[in-house]
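**Student:** What would the 3D arrangement of this be:
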Amino acid sequence: IGACLRNEDAPMCVESQAVSWIRGLCSRTHPLNAPASDRFFMSLVAYMDDSGTHAGAPNALVAGYWGGVKEWSALEWSWKKVLTDFGIDEFHAKRFWFRNRDGSRVSPYTGWDDSKHHDFIDKLLGIVESSKVVPFAYGVSTAAWDGRSDFWKSIFAGPGFGKGKQHDPLFLSFQVAISKTVLYCKPGKKMHFIYDLDGKNCGRFAEWYRGFKRDTNGDEERLGDLTFADSRQAVPLQAADLLAYEGQRYKRKSHGDPDTPIRAEYMRALRRFRSQDDFWLFDEPRLRNLEGILDAAVKESQDSEAHA
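**Tutor:** The predicted structure follows:
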């Protein structure tokens, strides 16, 4: 299928080739508080990270926040101050919450008592709550994904994995996150995307994005740059990491039950929540529905050609 489906079930258009310029872009984008001449001009920026890339993960999620440069600059400055005050170089939610079998915390939080642990995350979440950045998260149930045929996996994830490699549901989550989030960008402005640097996937993400910008219908003026950065340098990615972790944790605990209580940390991370449509999990019914939409699109295209 050569066209993107711009509807509630998101587009599927992927191209795949190696991209070598990714690391060079990072230094032009961060820190946000650098002089304007030293960074890309940005109208809106979305920072994104993923969760569930390891074997056995229940969901493959892409989550993050979008907002204006002014909001991100304020968040970056405040976030860095908290890290400095607590002697932390970089925040990763998984390490922050992880405990050894004996209940002790791992580095760099070794020796922290519960009070200090709570105070640290309370301050970071307070920064998110006070910032005008908007959360979003999109994911795919790995159980539902495993139930798809290789044909549908290749359609949803796109080509280019190479012989013997599995189609990764994360690529569907990534495509949906981009295509849905850019809709918040008003005409005349651009939205730029910053993704956590990952040598395994970033080349294919970049190639898909280039194809999406080329083939999209009506949104090309709103699509800015896709840049990959290290979260140590691009501090707002640490907030995206926190949201991705909390989203994965909630989905794992809820087992698909929408009435499952949301723990306080996740609720606070969602404070600037805009719409339920910004939080979308492709489970079995939604993937099956997406297959139906794509089948119908192919049939309509074939009928049009037959009557041409």
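
**Student:** Run through the residues that contact Gly292.
**Tutor:** Gly292 makes contact with no residue, according to C-beta atoms under 8 Å, 6 or more residues apart in numbering. To be clear about C-beta, it is placed using only N, CA and C from the backbone, and glycine gets the same treatment.

**Student:** So that it lines up with my notes, have the first residue be 534 from now on.
**Tutor:** With the count now opening at 534, the last piece we talked about shows up as Gly825.

**Student:** Which helix or strand contains it?
**Tutor:** helix 817-839 (DSSP states H and E).

**Student:** Could you name the helices and strands sitting against the longest strand along the chain?
**Tutor:** Longest strand of the chain, by residue count under DSSP state E: strand 592-601. Applying 3 or more C-beta pairs under 8 Å, 6 or more residues apart in numbering; DSSP states H and E, we find strand 592-601 packed against strand 577-584, strand 667-674, helix 675-679, helix 703-714, helix 769-787.

**Student:** buried ones in the helix holding Gly825?
**Tutor:** Using 16 or more other C-beta atoms under 10 Å as the test for burial, helix 817-839 gives 819-820, 823-824, 827.

**Student:** Include pLDDT when you put the residues you listed into a markdown table, please.
**Tutor:** Formatted as a markdown table, the buried residues of helix 817-839 follow (pLDDT from 0 to 100):
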| residue | pLDDT |
| --- | --- |
| Arg819 | 92 |
| Leu820 | 93 |
| Leu823 | 90 |
| Glu824 | 92 |
| Leu827 | 87 |
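
**Student:** Show me which of those residues is closest to Lys784.
**Tutor:** Arg819 (13.7 Å; C-beta to C-beta).

**Student:** Next, work out how far apart that closest one and Ser637 are.
**Tutor:** Distance, Arg819 to Ser637, using C-beta to C-beta, to the nearest Å: 41 Å.

**Student:** Now Tyr742. Nearest residue, chain neighbours left out?
**Tutor:** Leu759 (4.3 Å; C-beta to C-beta, 6 or more residues apart in numbering).

**Student:** how far does the one helix or strand the one you found maps to sit from the chain's center?
**Tutor:** Assigned by DSSP H and E, Leu759 belongs to strand 756-762. Distance of strand 756-762 from the chain centroid (C-alpha atoms, centre = their mean, to the nearest Å) equals 12 Å.

**Student:** That one - contacts with which helices or strands?
**Tutor:** Using 3+ C-beta pairs under 8 Å, 6+ apart: strand 756-762 touches helix 555-562, strand 724-729, helix 735-748.

**Student:** Tabulate those (JSON lines), appending mean neighbour count, mean pLDDT and distance to Phe689.
**Tutor:** Formatted as JSON lines, the helices and strands packed on strand 756-762 follow (neighbours: other C-beta atoms under 10 Å; pLDDT from 0 to 100; distance: least, C-beta to C-beta, whole Å):
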{"stretch": "helix 555-562", "mean neighbour count": "15", "mean pLDDT": "42", "distance to Phe689": "24"}
{"stretch": "strand 724-729", "mean neighbour count": "24", "mean pLDDT": "93", "distance to Phe689": "19"}
{"stretch": "helix 735-748", "mean neighbour count": "19", "mean pLDDT": "84", "distance to Phe689": "12"}
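
**Student:** For Asp811, find the nearest of those.
**Tutor:** strand 724-729 (13.9 Å).

**Student:** pLDDT below threshold where in the chain?
**Tutor:** Applying pLDDT under 70 to the chain flags the ranges 534-575, 691-699, 732, 750-752, 836, 838-841.

**Student:** Tell me how many other residues surround Ser606.
**Tutor:** Ser606 has 15 neighbouring residues, counting by other C-beta atoms under 10 Å.

**Student:** Show me what whatever helix or strand it lives in is packed up against.
**Tutor:** Secondary structure from DSSP H and E places Ser606 in helix 602-619. In terms of contacts (3+ C-beta pairs under 8 Å, 6+ apart), helix 602-619 is packed against strand 577-584, helix 647-663, helix 769-787.

**Student:** Return the set of buried residues in the longest one.
**Tutor:** I take that to be helix 769-787. Under 16+ other C-beta under 10 Å, the buried positions of helix 769-787 are 769-784.
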